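Undergrad: need coordinates for the following:
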Amino acid sequence: MPGGRLTQQERQQIALGLADSLAYAEIARRLDRPTSTITREVMRNGGPTGYRADLAHRATERRAHRRRPASSRESQAVPQPHGRDADAVREYEESFATVFMTSGLPKMMARVLACLYTTDSGSLTASELTQRLQVSPATVSKAITALADLDLVRRERDEGRRERYAVDDEVWYQSMIRSARDNEQLVAAARQGVGVLGPGTPAADRLEKIARYMDFVTESLVRAAEQAREVLYTKPEPAAGGPAEPERDGDA
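TA: The predicted model follows:
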């Protein structure tokens, strides 16, 4: 499998594949590249509808040029715990962030979330995020605020009273419940439209179908989230048959 940066010819092939509505995996297969490479390339350069091969190539050259002065600093990467390869971890964080971007998150929110999820502690301060992502404190603050509004991160205080931003099992559960609440708003809006447009009319029937579908999906989502929380995140009770209790006075 070829490595290194994408060539201009490969970017032209990506553009042709997008024009033919090919999936990222199929474009990657034709170029003998990882699917994550194609996904990241497209999302960095306008998305599937705005991707242009020549513009993407020039943008990549500009980014590479801007990074050259900082190369000496980047080469002094902080050693990774557990014997991890720092370059492999950095590459994975980029790929993971791309997955979040594909699902609809803006780039910086996706990068912050990927950074938090790939940290053993699951939490970082604003200063730590700024250093790891090489962005301004204001950029981190804006991304954190948006993520917190979506219940995708939790704010907490450490022993030094510094604010930390965390991701854990409870945050993931709350995110699912938040998604369900958003669905409920859509159901209510659709049913309101039925009354406005007149029950039995084609438009009202369409909205009623949306409401019934989303109602069913939302109920299933909440039930699944509750079950997963109970099964996966609840600590098991002590097993029966543990050490025998000492005999009380008077027992035979």
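
Undergrad: what about Arg111, distance to Gly83?
TA: Using CB to CB, to the nearest Å, Arg111 is found at 25 Å from Gly83. C-beta: built from backbone N, CA, C; applies to glycine.

Undergrad: what about the two, which has more around it?
TA: Between Arg111 and Gly83, counted using other CB atoms under 10 Å, Arg111 has the larger neighbour count: 25 against 6.

Undergrad: which pLDDT value goes with Ile38?
TA: Turning to Ile38, the model gives it a pLDDT of 91.

Undergrad: then Gly242?
TA: On the pLDDT scale, Gly242 is placed at 52.

Undergrad: and if you look at Glu26?
TA: pLDDT recorded at Glu26 is 92.

Undergrad: do Val171 as well
TA: Here the pLDDT value assigned to Val171 is 84.

Undergrad: need the strands for the stretch 101-250 of the chain, in chain order.
TA: For the stretch 101-250 of the chain, applying DSSP state E, counting those that start in this stretch gives strands covering 123-125, 154-157, 163-166.

Undergrad: closest to Ala88 out of these?
TA: Nearest to Ala88 among the strands of the stretch 101-250 of the chain is strand 123-125; the distance by CB to CB comes to 19.9 Å.

Undergrad: in its sheet, what does that closest one sit against?
TA: Its sheet considered, strand 123-125 pairs with strand 163-166 (antiparallel) by DSSP bridges.

Undergrad: who's in contact with the partner strand?
TA: The contact list for strand 163-166, computed with CB atoms under 8 Å, 6 or more residues apart in numbering, reads 112, 116, 122-126, 129, 144, 147-148, 153-158.

Undergrad: buried among those residues? Need that as a selection in ChimeraX.
TA: The ChimeraX selection below is limited to those of these classed as buried (16 or more other CB atoms under 10 Å):
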select :112,116,122,123,124,129,144,147,153,154
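
Undergrad: next one: Arg164 from Phe100, what distance?
TA: According to CB to CB, Arg164 stands 20 Å off from Phe100.

Undergrad: what's the local residue count around Glu230?
TA: Under the neighbour criterion other CB under 10 Å, Glu230 is assigned a count of 9.

Undergrad: per-residue pLDDT, it?
TA: Glu230 is given a pLDDT of 88.

Undergrad: before we move on, what about Pro69?
TA: Reading off the per-residue confidence, Pro69 sits at a pLDDT of 47.

Undergrad: between the strands of the stretch 101-250 of the chain, which gets the lowest average pLDDT?
TA: For the strands of the stretch 101-250 of the chain, the weakest mean pLDDT is recorded on strand 154-157, namely a mean of 88.
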